[in-house]
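# build me a model from this:
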Amino acid sequence: MLALVFVSDMESEMETHVVLLSSPGLGHLTPVLELAKRLATLSNSKVTIFVVPSLSAAESLVIQSFMSLNLCRIILLPPPDISHLVHADAAVVTRIAVIMREIKPAFSSAVSALSVPPTLFIVDLFGYESMDFADQFKIPKFVYIPSHAGFLALTLYLPVLDEVVKGEYVDEKDALFIPGCRPLQLEDVVDPMLCRSDQQYLEYLNMGIKIPMADGILLNTWEELEPATLAALRNDKLWGGISKAPIYPVGPTVTTPNRPIDSNKSEMFLWLDKQPSESVLYISFGSGGILTKEQMRELALGLQLSQQRFIWVVRTPVVAKSCDGSFFTVGNDCNDERLASYLPEGFLDWSNNMGLIISDWAPQVEILRHQSVGGFLSHCGWNSTLESITHGVPLIAWPLYAEQRMNATLLVEELKIAVRSKTLPSKEIVGREEIKLMVKRLMVDEEGHTMRARVKQLKLSGEKAWNHNGSSFKALAQLMR
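Coordinates of the predicted model:
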């Protein structure tokens with residue numbers, strides 16, 4: 001899906017108008033939709049969202065649910081054919097960047113046809129090339145980064161690293177220096193930095209060059225979550241020559257369910273109601289993450305060894321080790337019998353008493369806010385991370401691709417609300433014994449209770465950020481002014 005945001009002046013009789021364009025993928029679309037909600041409700045803006053449909057059934061469900069709120073207008077744009085521009089095996093970052101370039105003519109025509117012209121541009125991180133429309137309309141241009149301040153710092157500093165580091169980043173002897181921030185460990189670099197000759201690296205580098213040209217940068221974080229990194233980014237002595245764009249932390253913006261948790265209860269929620277408080281481990285690898293068959297079996301056996309209750313969103317495994325293989329198609333291959341064939345013999349019989357297996361997709365926010373859920377084994381996508389924090393649920397960090405390794409390190413080492421395996425799941429198979437130990441550390445041991453208390457404090461911090469005098473509320477108000 002694609003989406004971009006415009007806001008009009010709040011002068012005299014002119015109507016405030018917000019238009020959104022997000023890059024493809026549920027992980028990008030969701031935070032843009034939630035930002036649109038904030039703009040529509042807190043600033044009384046008219047909101048229009050331009051969307052390019054993808055192959056994802058889950059995205060279609062999200063859009064339909066969002067449209068039912070009648071807060072914003074959604075306009076579908078014809079998806080561009082990029083088959084002649086990228087190889088079938090091209091990285092997700094490359095494919096998204098090309099889609100965003102190819103959609104520009106259709107998007108420009110659609111924006112020009114609006115009855116109420118835009119007066120402020122907000123593009124998501126992959127929409128940076130569309131910022132030139134703002135110059136055409138003579139309006140300010142903003143970029144929305146649906147991630148944390150550490151990721152923004154790396155993105156903005158990449159053009160400097162590109163000059164300083166001569167070989168591959170992963171071959172460096174020491175961690176990468178970023179002004180005022182924790183050194184970036186080489187194993188945590190984002191996927192586009194793994195190979196400098198790949199097109200996705202050039203796309204990411206271009207992003208780091210163009211984003212500072214915006215009149216402001218919005219972040220899906222809040223002041224109290226990352227005070228040191230945000231302070232560093234605003235330090236002119238450290239960053240003045242790299243980016244002078246003001247930074248607006250407007251998070252946490254996370255999915256909010258449209259219905260009460262006790263209405264139209266499914267079998268899953270009826271089962272959850274019967275479980276002890278904070279006793280269930282929720283397992284999901286996001287809108288695009290998938291496991292190999294071998295890793296799926298080890299995870300199942302590790303759960304069985306731990307003897308802990310669980311809800312596991314299971315997806316058809318991959319033959320090769322590709323972590324993001326369902327990025328554009330999540331929710332389309334649901335087949336309970338086929339999925340069951342990949343699990344160890346006897347696991348389903350055991351799980352009948354200890355857990356539930358859900359195919360492809362589950363109502364994640366509704367699950368995380370249930371009182372019986374006490375842990376989240378997650379791929380550490382930023383949307384899922386914020387959903388876990390804002391519902392007071394600690395994590396087992398299982399990063400797979402994109403910037404998820406950075407996120408996992410933030411959760412484990414800085415926020416101290418997660419445990420993780422000794423080896424990266426994206427590189428090696430995590431064995432059943434280690435999985436058992438991680439599950440018990442989180443769900444049973446004192447360490448897990450300590451993390452649970454800490455994440456509940458972060459939950460309160462996020463709620464306060466959106467109070468009338470909260471930091472994110474003030475940031476959005478400043479942006480609108």
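# do you know how far residue 306 is from residue 411?
20 Å (Cβ to Cβ, to the nearest Å). C-beta here means a position set from N, CA and C on the backbone, and glycine is covered the same way.
# between these two, which one's more packed in?
Each of residue 306 and residue 411 has its neighbours counted (other Cβ atoms under 10 Å); residue 411 has more, 26 against 22.
# how about that one: what's its closest non-neighbour residue?
With sequence-adjacent residues excluded and distances taken as Cβ to Cβ, 6 or more residues apart in numbering, residue 411 is closest to residue 418, at 3.8 Å.
# next: residue 287.
Counting by Cβ to Cβ, 6+ apart, residue 287 lies nearest to residue 26, which is 3.8 Å off, once chain neighbours are set aside.
# quick check, pLDDT for the closest residue to residue 434 other than its chain neighbours.
Spatial nearest neighbour of residue 434, excluding adjacent residues (Cβ to Cβ, 6+ apart): residue 421 at 5.6 Å. Note for residue 421: predicted pLDDT of 97.
# next, give phi and psi for residue 421.
phi -80, psi 160 (degrees, to the nearest 10).
# from residue 464, how far out is it?
For residue 421, the distance to residue 464 equals 33 Å [Cβ to Cβ].
# higher neighbour count, the two?
residue 421 (18 against 15).
# contact partners for that one?
398, 430, 434-435, 438 (Cβ atoms under 8 Å, 6 or more residues apart in numbering).
# I'd say residue 192 and residue 201 touch.
Yes. With contacts counted by Cβ atoms under 8 Å, residue 192 reaches residue 201, the gap being 4.8 Å.
# who has more neighbours out of those two?
residue 192 (25 against 22).
# on the three-state scheme, that one is what?
Secondary structure, DSSP: H, G, I helix; E, B strand; the rest coil: residue 192 is helix.
# for the closest residue to it other than its chain neighbours, which residues are in contact?
Closest residue to residue 192 apart from its sequence neighbours, by Cβ to Cβ, 6+ apart: residue 204 at 3.7 Å. Contacts for residue 204 were tallied using Cβ under 8 Å, 6+ apart; they are 93, 155, 158, 190, 192-193.
# need the pLDDT of residue 204.
98.
# what of residue 121?
87.
# circling back: which one among the contacts of residue 204 gets closest to residue 136?
residue 155 (25.2 Å; Cβ to Cβ).
# just give the closest residue to that closest one, not the sequence neighbours.
residue 208 (4.9 Å).
# what helix or strand does the one you found sit in?
The secondary structure element spanning residue 208 is helix 199-210 (assigned by DSSP states H and E).
# how far is that helix from where the chain is centred?
Counting by Cα atoms, centre = their mean, to the nearest Å, helix 199-210 is centred 19 Å from the centre of its parent chain.
# can you check stretch 99-113 too?
On Cα atoms, centre = their mean, the centre of stretch 99-113 falls 25 Å from the chain's centre.
# what are the buried residues along it?
Using 16 or more other Cβ atoms under 10 Å as the burial criterion, the residues of stretch 99-113 that qualify are 99-103, 106-107, 110-111.
# coming back round to it: and of the contacts of residue 204, the nearest to residue 383?
Distances from residue 383 to the contacts of residue 204, taken by Cβ to Cβ, are shortest for residue 190, at 16.2 Å.
# show the pLDDT at the residue nearest to that closest one when sequence neighbours are not counted.
Among residues not flanking residue 190 along the chain, residue 403 sits closest, at 4.7 Å (Cβ to Cβ, 6+ apart). Looking at residue 403, its pLDDT stands at 96.
# now do residue 273
96.
# can you check residue 472 too?
97.
# isn't it up against residue 466?
Yes. At 5.4 Å, residue 472 counts as touching residue 466 under the criterion of Cβ under 8 Å.
# what do these two both touch?
With Cβ under 8 Å, 6+ apart as the test, residue 472 and residue 466 both reach residue 252.
# neighbour-wise, which of those two wins?
The neighbour count for residue 472 versus residue 466, taken as other Cβ under 10 Å, is higher for residue 472 (25 against 18).
# backbone phi and psi for that one, please?
According to degrees, to the nearest 10, residue 472 has phi -70, psi -40.
# which among the contacts of residue 421 end up buried?
398, 430, 435, 438.
# host element of the third one?
Assignment of secondary structure by DSSP H and E places residue 435 within helix 432-443.
# that helix: how far from the chain's middle?
Between the centre of helix 432-443 and the centre of its chain there are 25 Å (Cα atoms, centre = their mean).
# then stretch 441-457?
Its chain's C-alpha centre and that of stretch 441-457 lie 23 Å apart, by Cα atoms, centre = their mean.
# could you pull up the mean pLDDT of stretch 341-360?
For stretch 341-360, the mean confidence score works out to 90.
# er, stretch 436-445 I mean
Averaged across stretch 436-445, pLDDT comes to 98.
# and residue 446, how far from residue 389?
In terms of Cβ to Cβ, residue 446 sits 21 Å off from residue 389.
# more crowded one of the two?
Comparing residue 446 with residue 389 by other Cβ under 10 Å, the one with more neighbours is residue 389, at 26 against 8.
# residue 93 touches residue 206, doesn't it?
No. Contact between residue 93 and residue 206 fails when scored by Cβ under 8 Å: they sit 11.0 Å apart.
# neighbour count: those two, which is higher?
Ranked by neighbour count (other Cβ under 10 Å), residue 93 and residue 206 place residue 93 first, with 24 against 15.
# SS state for that one?
Criterion first, three-state DSSP; result for residue 93: helix.
# dig out what the residue nearest to residue 411 forms beta bridges with.
residue 395 (DSSP bridges).
# neighbours of it, how many?
Neighbours of residue 418 (other Cβ under 10 Å): 28.
# residue 310: what secondary structure?
Following three-state DSSP, the label given to residue 310 is strand.
# got the contact list for it?
280-283, 303, 351, 354-356.
# can you read off the pLDDT for the closest residue to residue 246 other than its chain neighbours?
Spatially, and ignoring its direct neighbours in sequence, residue 246 is nearest to residue 216 (4.7 Å; Cβ to Cβ, 6+ apart). Listed pLDDT for residue 216 reads 95.
# residue 216: neighbour count?
Residues near residue 216, counting by other Cβ under 10 Å, number 18.
# for residue 18, name its beta-bridge partners.
Under DSSP bridges, the beta-bridge partners of residue 18 are residue 47.
# now do the following helix or strand past the helix holding residue 435: which elements does it pack against?
For helix 432-443, the succeeding helix or strand toward the C-terminus, using DSSP H and E, is helix 446-465. Applying 3 or more Cβ pairs under 8 Å, 6 or more residues apart in numbering; DSSP states H and E, we find helix 446-465 packed against strand 373-378, helix 382-389, strand 418-420, helix 432-443, helix 471-480.
# for the residue nearest to residue 246, grab phi and psi.
Torsion angles, degrees, to the nearest 10, at residue 216: phi -180, psi 160.
# so residue 401: helix, strand or coil?
The three-state label given to residue 401 by three-state DSSP is coil.
# run the angle between the strand or helix carrying residue 296 and strand 373-378 for me.
Assessed by DSSP H and E, residue 296 sits inside helix 293-306. On the basis of axes from the mean of the first three to the mean of the last three Cα atoms, to 10 degrees, helix 293-306 is oriented at 160 degrees to strand 373-378.
# spit out the contact partners of residue 146.
Applying Cβ under 8 Å, 6+ apart, we find residue 146 in contact with 27-28, 31-32, 124-125, 220, 253, 382-383.
# and the gap between it and residue 194?
Going from residue 146 to residue 194 by Cβ to Cβ gives 22 Å.
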